[in-house]
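1. coords below, sequence missing:
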Ligand code: AOF
Ligand code: ZN
């Protein structure tokens, strides 16, 4: 088969594997989302023998699921190809090594989208190759490479994958000059946000948003809440009102406030009495050191995905510190056309386009007349 035909097949199979993998978002973290397709190539076609994904933290890995699927369909995987989004593990962790399962099933070839940098699990490529299996890495499917982004980002950068979400008008405004922002996006878009809230480890907002909107930041009207996000307020001077909905609901879902080191401990007491964790955080000048706070969230709470639902102040600070990994902008069919209306970040002076933060488009999706644009940081993933 020529290279182009092979690449086309790899892209198709790995896209399927990536789609399967992403079904478990919120169920497997801090472990990675992984998908696998087992098939037999005949000319330019592939007969799919089985497919699977890592469904739940601690349970079977994607390769094992895919091989079980082959068995269930009565298909023999001998000499077949396994396409997998992440390098198969070679270790006994919560489950036995996927490498062993692939060797027992006598697959002939393994095609991998991304190397697993997790030291304990690593070595799959070497073990398979040593056993005579043909192993290839490919960048044919961007989806398959990037489905591992949050896991690999956390391993390498020691901080969570940070997703900034906002709803905007066509002309890029997130609120009017008076701060009115209810509602820019439609209810289908808002349901999509609630679904995301039910899959992330934490939701970050700023004191400005708490004072203005008094948000709950819980996942509502979602059929299956996969994990309860820790709701966090960035509030250097501890100005959060004790009566706000977040504090009042702290027993139902965890709430944390990041205030500056040095804020009087007795100020924290009314919050702590209501079950809120007040975290005295390092500062840079009069601002919370967001990078170090996110690092702590990743090490102490094993947070993989953090959603930011905030106004221009916190969003701008995160953009400036280069801490935003993904943007989800919901564009609603309206124009504000007021230069004083708010945009998603207002903290930087930028004279030249060579100084702007750049992203790559990951996906577009329509929700009625709204469009969700998903961007991710420019990366060298797949190298
Ligand atoms: C794979 N396929 O589907 C996944 C892998 O403790 P364990 O046994 O669940 O192993 C977790 C580690 O294994 C995880 O940190 C990552 O390196 C790898 N995950 N590997 O071959 C999979 N989920
Ligand atoms: Zn594995």
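-> In hand now; what should we look at? Since the structure is predicted, the reported quantities are computational estimates derived from the model, not experimental observations. Ligands and ions are numbered 1, 2, ... in the order given.

2. So what touches the least confident helix or strand in the chain by mean pLDDT?
-> Of all helical and strand segments in the chain, the minimum by mean pLDDT, DSSP states H and E falls on helix 312-320, at a mean of 92. Outside helix 312-320, the residues that touch it by Cβ atoms under 8 Å, 6 or more residues apart in numbering are 162, 164, 166, 174, 204-206, 208-209, 234, 287, 290, 308, 324, 342-348, 357. Every residue, glycine included, has its C-beta placed from N, CA and C.

3. quick one: strands adjacent to the next helix or strand along the chain from it?
-> As assigned by DSSP states H and E, the chain's next helix or strand after helix 312-320 is strand 326-332. Using DSSP bridges, the strands paired with strand 326-332 are strand 161-169 (parallel), strand 370-377 (antiparallel).

4. now the longest one and helix 312-320, what's the angle there?
-> Following axes from the mean of the first three to the mean of the last three Cα atoms, to 10 degrees, one obtains 130 degrees for the angle between strand 161-169 and helix 312-320.

5. Read off the pLDDT value for residue 382.
-> At residue 382, the model reports a pLDDT of 43.

6. Sort out which of the contacts of helix 312-320 are buried, if you could.
-> Buried residues within those, defined by neighbour count using 16 or more other Cβ atoms under 10 Å: 162, 164, 166, 174, 204-206, 208-209, 234, 287, 290, 308, 324, 342-345.

7. The closest residue to ligand 1 within the chain: which element?
-> At 2.6 Å from ligand 1, residue 93 is the closest residue in the chain, using Cβ to the nearest ligand atom. Using DSSP H and E, residue 93 sits within no helix or strand.

8. residues near it, how many?
-> Residue 93 is flanked by 13 other residues according to other Cβ atoms under 10 Å.

9. That one reaches residue 118, doesn't it?
-> No. With contact defined as Cβ atoms under 8 Å, residue 93 and residue 118 do not form a contacting pair (9.2 Å).

10. what are the ranges of the helices in the protein?
-> 3-22, 62-72, 98-104, 124-130, 142-146, 149-157, 187-197, 207-213, 245-248, 265-273, 290-301, 312-320 (DSSP state H).

11. wait, does the second one make contact with ligand 1?
-> Yes. Judged by Cβ under 6 Å from any ligand atom, helix 62-72 comes into contact with ligand 1 through 62, 63.

12. ok so, going back, buried residues, the least confident helix or strand of the chain. List them.
-> Residues of helix 312-320 classed as buried by neighbour count (16+ other Cβ under 10 Å): 312, 313, 314, 315, 316, 317, 318, 319.

13. Can I get those in CSV including distance to residue 38?
-> Converted to CSV, the buried residues of helix 312-320 look like this (distance: Cβ to Cβ, whole Å):
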residue, distance to residue 38
312, 49
313, 50
314, 45
315, 43
316, 47
317, 46
318, 41
319, 42
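
14. near ligand 2, from those?
-> Among the buried residues of helix 312-320, no residue sits close to ligand 2 (Cβ under 5 Å from the ion).

15. Close to ligand 1: what parts of this protein are there?
-> 31-32, 34, 54, 61-63, 86, 88-89, 93-95, 98, 116, 118, 121.

16. what does the chain put close to ligand 2?
-> Taking Cβ under 5 Å from the ion, the part of the chain that reaches ligand 2 is made up of 61, 89, 98.

17. Spit out the contact partners of the second one.
-> Residues in contact with residue 89 (Cβ under 8 Å, 6+ apart) are 61, 97, 98, 99, 116, 118, 121, 122, 124.

18. Ok, the last one next?
-> Listed by Cβ under 8 Å, 6+ apart, the contact set of residue 98 reads 61, 62, 63, 64, 88, 89, 90, 124.

19. pLDDT at it, what is it?
-> On the pLDDT scale, residue 98 gets 98.

20. Please apply the same query to the first one.
-> Residue 61 carries a pLDDT score of 98 in this model.

21. Over to residue 379?
-> On the pLDDT scale, residue 379 is placed at 70.

22. what's the closest non-adjacent residue to it?
-> residue 149 (7.5 Å; Cβ to Cβ, 6 or more residues apart in numbering).

23. For that neighbour, grab the count of nearby residues.
-> Residue 149 is flanked by 21 other residues according to other Cβ under 10 Å.

24. what sits against the closest residue to residue 133 other than its chain neighbours?
-> In space, and not counting its chain neighbours, residue 133 is closest to residue 110: 5.8 Å by Cβ to Cβ, 6+ apart. With contact taken as Cβ under 8 Å, 6+ apart, residue 110 is in contact with 81, 82, 84, 88, 102, 128, 133, 134, 135, 136.

25. Any of those residues buried? List them.
-> Buried members of these, scored by 16+ other Cβ under 10 Å, are 81, 82, 84, 88, 102, 128, 133, 135.

26. Which pair of the residues you listed spans the longest distance?
-> 81 and 88 (13.1 Å; Cβ to Cβ).

27. On the strand side of things, show who the nearest residue to residue 153 once chain neighbours are set aside bridges to.
-> The shortest distance from residue 153 to any non-neighbouring residue, by Cβ to Cβ, 6+ apart, is to residue 161 (5.0 Å). Beta-bridge partners of residue 161, counted by DSSP bridges, are residue 305.

28. Identify the residues contacting the residue of the chain closest to ligand 1.
-> Shown in contact with residue 93 (Cβ under 8 Å, 6+ apart): 120, 121.

29. From here on, call the first residue 478.
-> OK, 478 is where the count begins now, so the last one is residue 570.

30. Next, it: phi, psi?
-> Here is the backbone geometry of residue 570 (degrees, to the nearest 10): phi -110, psi -120.

31. Buried only: go through the residues of the chain next to ligand 1 for me.
-> Neighbour-count burial (16+ other Cβ under 10 Å) applied to the residues of the chain next to ligand 1 gives 508-509, 511, 531, 538-540, 563, 565-566, 575, 593, 595, 598.

32. before we move on, back to that, redo the contacts of residue 566 as JSON lines? Include distance to residue 776.
-> Formatted as JSON lines, those follow (distance: Cβ to Cβ, whole Å):
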{"residue": "538", "distance to residue 776": "25"}
{"residue": "574", "distance to residue 776": "27"}
{"residue": "575", "distance to residue 776": "27"}
{"residue": "576", "distance to residue 776": "29"}
{"residue": "593", "distance to residue 776": "20"}
{"residue": "595", "distance to residue 776": "15"}
{"residue": "598", "distance to residue 776": "19"}
{"residue": "599", "distance to residue 776": "21"}
{"residue": "601", "distance to residue 776": "26"}
